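*Asks:* Next one to model:
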Amino acid sequence: MDPVKWRADLVDSVIILSKPAGDQIEFIEAMGIPGQIVDELALEFDRALETALSNEVVSNDRAMGLLEDLLAQLTRMSGAANVLLWTYEALKSAEEWAAVRRLAARALAALEAEEAGSRA
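*Replies:* Numbers count the residues shown, from 1 in each chain. You can find the predicted model right below:
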């Protein structure tokens, strides 16, 4: 059990969600999974968030709220009706992915502020 690693995994998953589409595609391809498996971005975040929540590694209410908003956005994008949102093309052009990036950037800033506050 390593709270530092759990937090780092969460931060890393949020960082990749905040990055431009090209960086996200590079991340997916570096995983070595054949095809355009864009849902890996959401799965990585979901796993990291679940571990972080169950081990209480996020204590800031603002950061927690923003992480929940990010999860809600990804959840709204899921399901068979939204299958076209989970392609490289959608990653590059869909407003839904732009919203994910904005939410992730805000959540990342809150996580970094929480970390800076705990070091002070």
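*Asks:* List the buried residues of the longest helix along the chain.
*Replies:* Secondary structure assigned by DSSP state H gives helix 95-119 as the longest helix of the chain. Along helix 95-119, these residues count as buried under the neighbour rule (16 or more other Cβ atoms under 10 Å): 97, 99-101, 103-108, 110-111, 114. To be clear about C-beta, it is placed using only N, CA and C from the backbone, and glycine gets the same treatment.
*Asks:* for stretch 34-50, same thing?
*Replies:* Residues of stretch 34-50 classed as buried under the neighbour-count rule (16+ other Cβ under 10 Å) are Q36, V38, D39, E40, L41, A42, E44, F45, A48, L49.
*Asks:* Tell me who's in contact with the second one.
*Replies:* With contact taken as Cβ atoms under 8 Å, 6 or more residues apart in numbering, V38 is in contact with Q24, I28, W86, T87, Y88, A90, L91.
*Asks:* Surely the fifth one touches Q36?
*Replies:* Yes - counting by Cβ atoms under 8 Å, a contact exists between Y88 and Q36, whose distance comes to 4.8 Å.
*Asks:* Drop anything exposed from the contacts of V38.
*Replies:* Judged by neighbour count, with 16+ other Cβ under 10 Å as the criterion, the buried members of the contacts of V38 are Q24, I28, W86, Y88, A90, L91.
*Asks:* Strands of the chain, residue ranges please.
*Replies:* Secondary structure of the chain, counting by DSSP state E: no strands present.
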